[in-house]
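S.K.: fold the following.
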Amino acid sequence: MKHSIMLQLSAFAIAITGLAYCKPADPVPDTVVQREDTLSISRLRSLNASSIPSAVLITDVGSEGVFKLDESDRVSIDNTGITLVTIKGHRYKRDFTGAANLRWFGVNTSNVDIGPGLQMAVTVTDDIFVPDGNYTQLTAVHLKSNLNLHANPGKVLITLPQSYISLVNPANPAVNLDNILIDGLTWNVTSRQTGTYGVIYIDGPSVAGLTVQNCSSTDVAAKDSTNWFTLKIQAGKTAANIVVRNNSVQAKRMACEIFNHDNYNIYAGKTILIAGNNFHDCHFGISLSGPLTDLTVDNNYVKNCSLFGIEIAGAAQNVTITNNQFEGVFDKFLEGSNDGDGNGSIVGGMVVAGNSTVGLCQGGVQFFNGGTIAFSKNKFKMSGTLELSHSTAGGTFTENSIESLANKAIICDNSPNNTFIGNTISNKASTENQATFMVYGSKATNNILTNNKLIKGTGGKPYDAVLGGSCQASMNYDGAGNPIP
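M.R.: Residues are numbered from 1 along each chain as shown. Here you go, the predicted model:
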C-alpha cells in the first residue's frame, strides 16, 4: 500500500514538472533599434517584426516625412497625418514644426468630400495649412478652441454643393470657442438645400478671440437665402474680441451677421471689429444687432445690398462707423435702427465719420438709435434722405456733404437737440423740394442749424420746422454764398 502511494506521488510530481515545461513563455518585448527605416504608411501599419526602428521615413506622396516612435503612448488613434499605429500597437509620431499640412490626412483635390479628413485634422492638431487647390466639401466641420486654419489667400477653393455650412461650432453648445483664426479660404456655395444657414455658422457656444480674415465666398448659384458669416449669441452666452477683416463676399442674405437677441438687457457681445471687407450683392452687407457694445465698422466697401449696407440695430452702444464706402443700389446704405423691444439703453452715441458714396447711391441713411451721434466729414450723394429719429438726439453734425435727390435732404423726425455746423446740404436736383433741411414733430425741439451751405431744389424752403418742431437757424448761406434769412 505504501509502495503504491509512493508511486502515485512520484507520477504526480513528474506530471507537474512536465506541465511546467509546457507553459508558454512570456512574450519577448520588441527590441527598438536606433535606425530610420524607409517605409510606406501601409507597410508601417503592418509592421510585425520583433526588432523595430526608432524612426521611419514615410514615402507616400503628400504624406512624406519622418515619424518617430513614442514608446510612452499606447492610446492615440491612427489619424494618418501625425500619428501612425502598427499592428502591434506601436505609435509613431510625425516629427515637424509649424503647421500640419491637410494633405497629410489623406485630403486632396480628388476627394468627393474633404469634410471627414479636415475634421480629423481639426480634432488632433491646432495649426492646419490647406494646400493650394480646388476641393469639394459635403460634411460640415466642427470648430474647436485654439485653432489656426489657414491657406494662401485666393489659392484654395472649397465648393459646397450639398450643405451651406462649411465650418460650424462644436456639437455640444456648452463647449466654448476661444482663440480661433480662419485665414485665406475661398468658398463657392452651389447647394440646392432648403434653409437659411451660413458658410461659417456659429450658434450656441460662448466665443472669445475669433478672427476671420482674407477669405472670400459666393453663393450666387445656391438655392436659398444664406449668410456667409453668422454668429448668434445664445441666452446665457457671450461673444468678445471678434474680428472680421479683409474678406470679399457675395451672399444672398447677409455677408456678416452678429446678433444678440436672447440676452434681454445684457450687452453679451463686445469688442467687435468689422474692417477692410468688400461685401456686395447681398440683402444686408453688415448687420450687428441686439445689445452689443464696442463695435467698430471701418474701411469696408459695400455695394448693391438690396436692404441695408451697414445696419446697427437693437440698442447697440459705443459704436464707431468710419471710412466706409458705399456704391450702387440700397434701401438704406447706412441704418441704425432700434428693434423696439427695450433691449438695453443708448449710452453715448455713435461716431460716424469719413464715410462716402461712390458716385450716386440709390437709397438713403437712417438713424433710429444714434444716441448723441457724432457725425462728421461724411460725403454722401444719394437718392434718399438722411433721417434722424427717436433715440437719435443731441447729436453734432459737422463738415459733412449731403447731396440728395429727395424732397428733403435731411429730416429730424421727432429728434431733438441736434446741432448742424459747417455742412453742405443740398437737394438741388429735387423737382419737388419741401425743405432742404426739415425739423418735424413736437419732440423735435431745439435743433440748431448754423453756418451751413444750403442748396435747395425747385420750390420749397432751404429749411423748415413743422408740426411743433423747432429750429434755431443762423449764419447759413446758399450755393452762391448769399446769407439765408
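S.K.: for the protein, what helix or strand is lowest in average pLDDT?
M.R.: The weakest-scoring helix or strand in the chain, judged by mean pLDDT, DSSP states H and E, is helix 2-22 (a mean of 45).
S.K.: can you pull out the helices in the protein?
M.R.: When secondary structure is read from DSSP state H, the chain shows helices at 2-22, 41-45, 115-124.
S.K.: list the contacts of Gln162.
M.R.: Shown in contact with Gln162 (Cβ atoms under 8 Å, 6 or more residues apart in numbering): 138, 191, 193. Where you see a C-beta, it was placed from the backbone N, CA and C, and this is true even at glycine.
S.K.: got TSV for these, with distance to Asp281, neighbour count and pLDDT too?
M.R.: Below are the contacts of Gln162 laid out as TSV (distance: Cβ to Cβ, whole Å; neighbours: other Cβ atoms under 10 Å; pLDDT from 0 to 100):
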residue	distance to Asp281	neighbour count	pLDDT
Leu138	26	16	97
Ser191	18	21	95
Gln193	20	17	91
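S.K.: so of those, which ones are in strands?
M.R.: Among the contacts of Gln162, no member is found in strands (DSSP state E).
S.K.: kindly state the pLDDT recorded for the closest residue to Val124 other than its chain neighbours?
M.R.: Distances taken as Cβ to Cβ, 6 or more residues apart in numbering place Asn79 nearest to Val124, at 5.0 Å, with adjacent residues excluded. Turning to Asn79, the model gives it a pLDDT of 97.
S.K.: how near is Asn79 to Glu311?
M.R.: When Cβ to Cβ, to the nearest Å is applied, the distance between Asn79 and Glu311 equals 43 Å.
S.K.: look at those two and report which has more neighbours.
M.R.: With neighbours defined as other Cβ atoms under 10 Å, Asn79 and Glu311 compare such that Glu311 has more, 24 against 20.
S.K.: ok, that one to Gly371 distance?
M.R.: If you measure Glu311 against Gly371 using Cβ to Cβ, the figure is 16 Å.
S.K.: residues in contact with the nearest residue to Lys443 once chain neighbours are set aside?
M.R.: Nearest residue to Lys443 in three dimensions, chain neighbours excluded: Asn414, at 3.9 Å (Cβ to Cβ, 6+ apart). The neighbours of Asn414, taking Cβ under 8 Å, 6+ apart as the test, are 389-390, 440-444, 469.
S.K.: of the residues you listed - the most surrounded one?
M.R.: Ala444 (27 neighbours).
S.K.: quick one, what contacts it?
M.R.: For Ala444, the contact set (Cβ under 8 Å, 6+ apart) comprises 412-416, 465, 468-470.
S.K.: same question for stretch 214-229, mean pLDDT?
M.R.: 95.
S.K.: and it, what's buried?
M.R.: Of the residues in stretch 214-229, those buried under the neighbour-count criterion (16 or more other Cβ atoms under 10 Å) are 214-219, 222, 224-229.
S.K.: can I get it in PDB, CA atoms only?
M.R.: Provided in PDB are the C-alpha atoms of stretch 214-229 (Å, rounded to 0.1, in the frame of the first residue of the first chain):
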ATOM      1  CA  ASN A 214      -8.500  87.200 -46.100                       C
ATOM      2  CA  CYS A 215     -11.400  84.900 -47.100                       C
ATOM      3  CA  SER A 216     -13.800  85.100 -50.000                       C
ATOM      4  CA  SER A 217     -17.100  83.500 -50.800                       C
ATOM      5  CA  THR A 218     -20.100  83.500 -53.200                       C
ATOM      6  CA  ASP A 219     -23.400  81.700 -53.100                       C
ATOM      7  CA  VAL A 220     -24.800  83.100 -56.300                       C
ATOM      8  CA  ALA A 221     -25.500  79.600 -57.600                       C
ATOM      9  CA  ALA A 222     -27.200  78.400 -54.300                       C
ATOM     10  CA  LYS A 223     -30.900  77.800 -54.000                       C
ATOM     11  CA  ASP A 224     -31.800  79.600 -50.800                       C
ATOM     12  CA  SER A 225     -31.000  82.700 -48.900                       C
ATOM     13  CA  THR A 226     -27.800  82.200 -47.000                       C
ATOM     14  CA  ASN A 227     -25.300  84.200 -44.900                       C
ATOM     15  CA  TRP A 228     -21.500  84.000 -45.200                       C
ATOM     16  CA  PHE A 229     -20.600  84.600 -41.600                       C
END
